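Novice: Predicted coordinates and the sequence they were generated for:
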Amino acid sequence: MKKKLQKVLAKVLGLDQRTPIVDDYKYYFDGKSYAGGSLSDSNILIVSNVKDTRCIENELEKEGVTVSKIELEKDTLDLNIINGAQAQLIGPYTHIFNMLQIGNETDIFSDSDPLRNMYQWLQIEADYLVELGQTATVCVALVSDSDTCSIVANSIEGMIKGLSETLGRHSILINGIYADESVPMECIVKWMSFLSSKYGHILTGNFLQLSLG
Amino acid sequence: MLLKIARKFFESLGISLKYTTSLQDCFCNITVTGRTLVGKTVMISGATGDIGKALIKRFLLEGCHVIMVARAEHKLLSLKEEFEKTGSQLIDYIVCDLSDLSSVKKIKTDYFNLGGSVDVLINNAGIFGGAREKKFRGVTKETFTLTINTNLKSAALLSELVINKMIQEGKEGVIVNMSSICSQFNSFRYSPYGISKAGLIGLTTDINAKYRENHIIAHAILPGSVATKMGNLKVGDNIAGNNNVLNRSVLAEEVASIAAVYSSDIGKYCKTNLVASAWEIL
């Protein structure tokens, strides 16, 4: 009764009742981590149009994670596909990596353009993670060797910045990367690992540009 | 007395998160750089502040040799002894009043000309300069000069000294400038503090434009409200309830981890200044 009264009073006074998000577990990890060991034993889902993701998976396995992959070319992600990928695992996905590779041959005028694809993937992933009801991270990486990628990059940046507050209210922390062809895939994955780790929580809403030039 | 009771009452209604040393420790016990900083020399200005101390802990953990720079010798000595007790021998200091530009210039003779070298410079020194009062016409010349000298001009001068030495030695280097989200919000950006923090972003841009071909790269971090003395928070306080997505203040250890990653092998690819505020609205 007392707690109920406190809650009502807090609401009337406009006090924030959201539990602070902080990973206060002290991890122990033997390897050379870019995540402070905080991704170890977690399940990561990669949703990507990249065909060969062995390099990505190898890099992530160094962080002690279990990786699953869904390969998609269009805006056709749904919850059944995610649940199907997760069926053999112990525990849900608490980190999702979206990787979109685009080039000069990518048609940005079609109905299933990169922007539409990423938006639809994020909608379904949000459904999955909101249902999960615990702190989770989403990291979006746009990898491009295209001359006209700014249209897609700036749009996705806007998407992420806007969603950081909306999804953040559900304890889903989102950030992103835009990398050109001068950046090795291992480096992109290391940055994604850091952004998705407990140290990346304060970086929610950031959209990093990676390039050597 | 009544105010204290009222505050406690309201705190009991809201959610709380106690800031403890074990919370600090769990954000500084494992590498975040893949151990690629081992053996590097890192100079940290404003080393005796809360973020300064977190930076020292982080870079010592990463296997670096740390050079602390600050004006209070007794505090520097105390920090050195504290870290040496935990087994770390890789820590030294330079006494320098960063509000006095002639004192900053002396680092050249007192350190670099004696063979000292730096791989990473963290321009962390900063004073708030009364920014919370949100005055404009009431800001005195003394406050303005002190804040700009300490926060911005000393960083530019120290960066120049460090970069010249790096070029002389033909080595790569990293400069990390500790800016602030106060540089982005209208309620703070006209204060000397906000102005100096915006200036640091400009310094970052200038260093990158001038020295990228020398493989010397600069980054800026823009922290939000951090649980430090400057933010009116200390160990034992409730750090919940910040106007950001995490509903808590940022920890100094979290900011330090970003500085470490910026300094690592993957840092050179990042062209973006990172806003470390969990989407705080000021």
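Specialist: Now that the structure is in, tell me what you want to look at.
Novice: so what's whichever residue of chain A sits closest to chain B up against?
Specialist: Closest residue of chain A to chain B, Cβ to the nearest Cβ: A:G168 (3.1 Å). From N, CA and C alone the C-beta is placed, and that goes for glycine too. The contact partners of A:G168, by Cβ atoms under 8 Å, 6 or more residues apart in numbering or on different chains, come to A:174, A:204-205, B:245-246, B:278-279.
Novice: And for B:L161?
Specialist: The contact partners of B:L161, by Cβ under 8 Å, 6+ apart, come to B:104-105, B:107-108, B:112.
Novice: Kindly recompute the last result at 6 Å.
Specialist: With contacts taken as Cβ atoms under 6 Å, 6 or more residues apart in numbering or on different chains, B:L161 has the following neighbours: B:107-108.
Novice: any idea how far A:P20 is from it?
Specialist: Applying Cβ to Cβ, to the nearest Å, the value for B:L161 to A:P20 is 41 Å.
Novice: List the contacts of the one helix or strand A:Q123 maps to.
Specialist: Assessed by DSSP states H and E, A:Q123 sits inside helix A:114-132. Residues outside helix A:114-132 that contact it (Cβ under 6 Å, 6+ apart): A:47, A:75, A:77-78, A:82, A:92, A:96, A:98, A:100, A:102, A:136, A:152, A:155-156, A:170, A:172.
Novice: try 7 Å
Specialist: Contact partners of helix A:114-132, identified using Cβ atoms under 7 Å, 6 or more residues apart in numbering or on different chains, comprise A:47, A:74-75, A:77-79, A:82, A:92, A:96, A:98, A:100, A:102, A:106, A:108, A:136, A:138, A:140, A:152, A:155-156, A:159, A:163, A:167, A:170, A:172.
Novice: what comes up buried for that helix?
Specialist: Residues of helix A:114-132 classed as buried by neighbour count (16 or more other Cβ atoms under 10 Å in any protein chain shown): A:114-115, A:117-118, A:120-122, A:124-126, A:128-129.
Novice: Residue 73 - how many residues pack around it?
Specialist: Assuming you mean chain A. 10 (other Cβ atoms under 10 Å in any protein chain shown).
Novice: I was thinking of chain B, sorry if that wasn't clear
Specialist: The number of residues packed near B:E73 is 12, by other Cβ under 10 Å.
Novice: For the closest residue to it other than its chain neighbours, list each beta-bridge partner.
Specialist: Leaving out its chain neighbours, the residue that sits closest to B:E73 by Cβ to Cβ, 6 or more residues apart in numbering or on different chains is B:V95, at 4.8 Å. Taking DSSP bridges as the rule, B:V95 bridges to B:A70.
Novice: Can you report how many residues neighbour A:L45?
Specialist: Neighbour count for A:L45, taken as other Cβ under 10 Å: 24.
Novice: if I pick the residue nearest to B:E73, what's in contact with it?
Specialist: Residues in contact with B:V95 (Cβ under 7 Å, 6+ apart) are B:71, B:73, B:76.
Novice: Tell me the spacing between the second one and B:H65.
Specialist: B:E73 is 20 Å from B:H65, where distance means Cβ to Cβ.
Novice: Also B:R71?
Specialist: 22 Å.
Novice: Quickly find the element holding the nearest residue to A:V50 once chain neighbours are set aside.
Specialist: What sits nearest to A:V50 in space, not counting adjacent residues and going by Cβ to Cβ, 6+ apart, is A:Q101, at 5.0 Å. Assigned by DSSP H and E, A:Q101 belongs to strand A:95-102.
Novice: Which elements pack onto that strand?
Specialist: strand A:43-48, helix A:114-132, strand A:136-144 (3 or more Cβ pairs under 7 Å, 6 or more residues apart in numbering or on different chains; DSSP states H and E).
Novice: Output it as CSV, nothing but the C-alphas.
Specialist: Output in CSV follows, covering the C-alpha atoms of strand A:95-102 (Å, rounded to 0.1, in the frame of the first residue of the first chain):
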residue,chain,number,x,y,z
HIS,A,95,22.5,-7.4,-28.9
ILE,A,96,21.6,-7.0,-32.6
PHE,A,97,24.1,-5.9,-35.3
ASN,A,98,22.6,-4.6,-38.5
MET,A,99,25.1,-4.5,-41.4
LEU,A,100,24.2,-3.0,-44.7
GLN,A,101,26.7,-3.1,-47.5
ILE,A,102,26.0,-0.7,-50.4
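Novice: residue boundaries of the strands in the stretch 101-250 of chain B?
Specialist: Ranges of strands within the stretch 101-250 of chain B are B:120-123, B:173-178, B:216-223, based on DSSP state E, counting those that start in this stretch.
Novice: okay, the ones you listed, which one's buried deepest?
Specialist: Ranked by mean neighbour count under mean count of other Cβ atoms under 10 Å in any protein chain shown, the strands of the stretch 101-250 of chain B are led by strand B:120-123, which reaches a mean of 28.
Novice: Could you check how far that strand is from the centre of its chain?
Specialist: Remark: strand B:120-123 is offset 9 Å from the chain centroid, using Cα atoms, centre = their mean, to the nearest Å.
Novice: so who does the residue nearest the centre of chain B touch?
Specialist: For chain B, the residue sitting closest to the mean C-alpha position, by Cα atoms, centre = their mean, is B:N124 at 3.1 Å. With contact taken as Cβ under 7 Å, 6+ apart, B:N124 is in contact with B:44-46, B:51-52, B:55, B:178.
Novice: Now compare those and name the two farthest from each other.
Specialist: Distance extremes for these: the farthest pair is B:S45 and B:I51 at 10.9 Å, using Cβ to Cβ.
Novice: Skipping adjacent residues, who's closest to the residue in chain B positioned nearest to chain A in space?
Specialist: Residue nearest to chain A within chain B: B:V245 (3.1 Å; Cβ to the nearest Cβ). Nearest non-adjacent residue to B:V245, counting by Cβ to Cβ, 6+ apart: A:G168, 3.1 Å away.
Novice: If you count neighbours, what's buried in stretch B:201-218?
Specialist: Buried residues in stretch B:201-218, counting neighbours by 16+ other Cβ under 10 Å, are found at B:201, B:203-204, B:207, B:211, B:216-218.
Novice: can you redo those as a markdown table with distance to A:Y27 and pLDDT?
Specialist: Formatted as a markdown table, the buried residues of stretch B:201-218 follow (distance: Cβ to Cβ, whole Å; pLDDT from 0 to 100):
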| residue | distance to A:Y27 | pLDDT |
| --- | --- | --- |
| B:I201 | 33 | 97 |
| B:L203 | 35 | 98 |
| B:T204 | 31 | 98 |
| B:I207 | 34 | 97 |
| B:Y211 | 37 | 96 |
| B:I216 | 33 | 97 |
| B:I217 | 29 | 96 |
| B:A218 | 31 | 97 |
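Novice: How many residues are close by B:I167?
Specialist: Neighbourhood size, B:I167 [other Cβ under 10 Å]: 14.
Novice: Can you check what pLDDT the model gives it?
Specialist: What the model reports for B:I167 is a pLDDT of 97.
Novice: residues from the stretch 1-150 of chain B in reach of chain A?
Specialist: Within the stretch 1-150 of chain B, the residues that sit near chain A (Cβ under 7 Å from any Cβ of the partner chain) are B:13-15, B:17, B:23, B:25-26, B:29-35.
Novice: what's the burial count for A:T66?
Specialist: The tally of other residues near A:T66 (other Cβ under 10 Å) stands at 16.
Novice: Need the phi and psi values for it.
Specialist: Backbone torsions for A:T66, taken as degrees, to the nearest 10, come to phi -100, psi 130.
Novice: Tell me the bridge partners for it.
Specialist: Beta-bridge pairing for A:T66 (DSSP bridges): A:N43.
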